[in-house]
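*Asks:* next one to model:
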Amino acid sequence: MQTNLSEAAQSLARADEAESILRSCVHCGFCNATCPTYQLLGNELDGPRGRIYLIKQVLEGQPVTEKTQLHLDRCLSCRNCETTCPSGVRYHALLDIGRAEVERRTARPARERWLRAGLRHGVSRPAVFAGLIGAGRAVRGLLPETLREKIPAQAPAARPRPAVRHARRVLMLEGCVQPSLAPNTNAAAARVLDHLGISVTPAPRSGCCGANEYHLNAQEAGLARARRNIDAWWPAIEAGAEALVISASGCGAFVKEYGDLLRFDSAYADKARRVSALARDLVEVIAAEPLDAFARATGRRIAFHCPCTLQHAQRLGGAVEGVLTRLGFDLSAVANAHLCCGSAGTYSLTQPEIAKQLRDNKLDALEAGQPEAIVTANIGCQTHLNSAGRTPVTHWIELVESLLAPISQQRA
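*Replies:* Numbering: from 1, shown residues only. This next block holds a predicted model:
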């Protein structure tokens, strides 16, 4: 694709990157075939190819309108198009650049500004989010449906985590919403890792990965959180932590990009690359270990929803399914497993109608095989799918942990 960036665009920090990505696109349209929003809306501007043209026009100096912003906002950032693209177009990076420029040049309506500011400040702070969820549960019946269905019932308390006792040690990202919405997920992960001879070293000063703010066009705020996390993890990394384990695939996808996103930061570039190199989705760690000591699942029928951030961003499609199959679970087939469930971070709140349709389509596919349970690998997907009030969805590590109970009873 030929480009002619405006003088203003050429002055942007990522101008060369944007131009390179634009020129790598051959506008073949294969991406539209797997784009969830294009499939639903049928509008060229709601597919990756159309959005690339919109960003190109913006960077070439053409006027930016609310329509431009709308079509970019409707993108789920699922990166399905990147999996499909034969030319290797780094669409997500171009989208970040384009969205930031559009945000700079277009004023949002007040309601949208307030919503996005609330999501940036509320979701990214675990203590604040916990307070909001608690208050929401107290007045749940008075809230609008869009918000009411997003507030789950009180989650079971996490059981105690094992003490740090093994020579092999890892760090773990706690996250911002998972401690309130599903506190047992990371606790279950710690217990499974402990059973495999791996201890989790606490890092209480770490927090939100930064993805929430970054993808709501507060990019500097998101990178500031990345720097704070690096500082919090660095002593344990220097002490020999072998990995940074992340149970939420959305967070994992973002942390694995720290090295790229902070490459121009002379104070953090090297550390960011090191952190990204150590970042592992939980399944990468579990899959590499012997699982013979776990009890067998004896054919329990399970449906797995593979989050976009796991299969498209981290390219780990099939990894969780492989672990569950090794443990004896019977995985039902899921039609259109490559399509997004509609969660996409805060998308289900900023674009509720599209998100709800994608959610219901996904649940239809997951429930078609009549599984006993549905599991996933990302807290956002888990919460969004559960908001429908249909088959409960949990994290796959809790399913694995359930296989420890028979072993513990045998040993007792």
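*Asks:* please, which helix or strand holds the residue nearest to the spatial centre of the chain?
*Replies:* By CA atoms, centre = their mean, the chain has its centre lying nearest to G250, at 1.5 Å. Element membership for G250, per DSSP states H and E: helix 249-255.
*Asks:* mean confidence for that helix?
*Replies:* Mean pLDDT, helix 249-255: 97.
*Asks:* got it, and stretch 267-274?
*Replies:* 97.
*Asks:* could I get the buried residue list for that stretch?
*Replies:* Y268, A269, K271, A272, R274 (16 or more other CB atoms under 10 Å). The C-beta positions use only the backbone N, C-alpha and C, and glycine is treated the same way.
*Asks:* between those residues, which sits nearest C308?
*Replies:* A272 (23.4 Å; CB to CB).
*Asks:* got the contact list for the closest one?
*Replies:* A226, I230, Y258, G259, L261, L262, R263, D265 (CB atoms under 8 Å, 6 or more residues apart in numbering).
*Asks:* just name the closest of the buried residues of stretch 267-274 to C209, please.
*Replies:* A272 (12.5 Å).
*Asks:* tell me the spacing between the residue nearest to Q178 when sequence neighbours are not counted and C208.
*Replies:* What sits nearest to Q178 in space, not counting adjacent residues and going by CB to CB, 6 or more residues apart in numbering, is I379, at 4.5 Å. Applying CB to CB, to the nearest Å, the value for I379 to C208 is 12 Å.
*Asks:* now for the two: what residues contact both?
*Replies:* With CB under 8 Å, 6+ apart, I379 and C208 have common neighbours G175.
*Asks:* pLDDT value on A412, please?
*Replies:* At A412, pLDDT is 38.
*Asks:* again with A9
*Replies:* So, for A9, pLDDT stands at 88.
*Asks:* try M1
*Replies:* Reading off the model, M1 has pLDDT 76.
*Asks:* show me the contacts for it.
*Replies:* L22, R23, S24, C25, V26, H27, I52, K56.
*Asks:* which residue packs closest to it, ignoring adjacent ones?
*Replies:* C25 (4.9 Å).
*Asks:* got a list of what the one you found touches?
*Replies:* M1, R49, I52, S87, V89.
*Asks:* make a PyMOL selection of whichever of those residues turn out to be buried.
*Replies:* Here is the PyMOL command that selects the buried residues among these (16+ other CB under 10 Å):
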select buried, resi 1+49+52+89
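*Asks:* in JSON lines, list the contacts of C25 along with secondary structure.
*Replies:* Output for these, formatted as JSON lines (DSSP: H, G, I helix; E, B strand; the rest coil):
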{"residue": "M1", "secondary structure": "coil"}
{"residue": "R49", "secondary structure": "helix"}
{"residue": "I52", "secondary structure": "helix"}
{"residue": "S87", "secondary structure": "coil"}
{"residue": "V89", "secondary structure": "coil"}
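*Asks:* now, which of the contacts of C25 sits nearest E112?
*Replies:* Once CB to CB is applied, the member of these that ends up nearest E112 is I52, at 23.6 Å.
*Asks:* ok, and the closest non-adjacent residue to the closest one?
*Replies:* C25 (5.5 Å).
*Asks:* any idea how far N4 is from that neighbour?
*Replies:* Taking CB to CB, one finds C25 at 15 Å from N4.
*Asks:* how about A158?
*Replies:* 55 Å.
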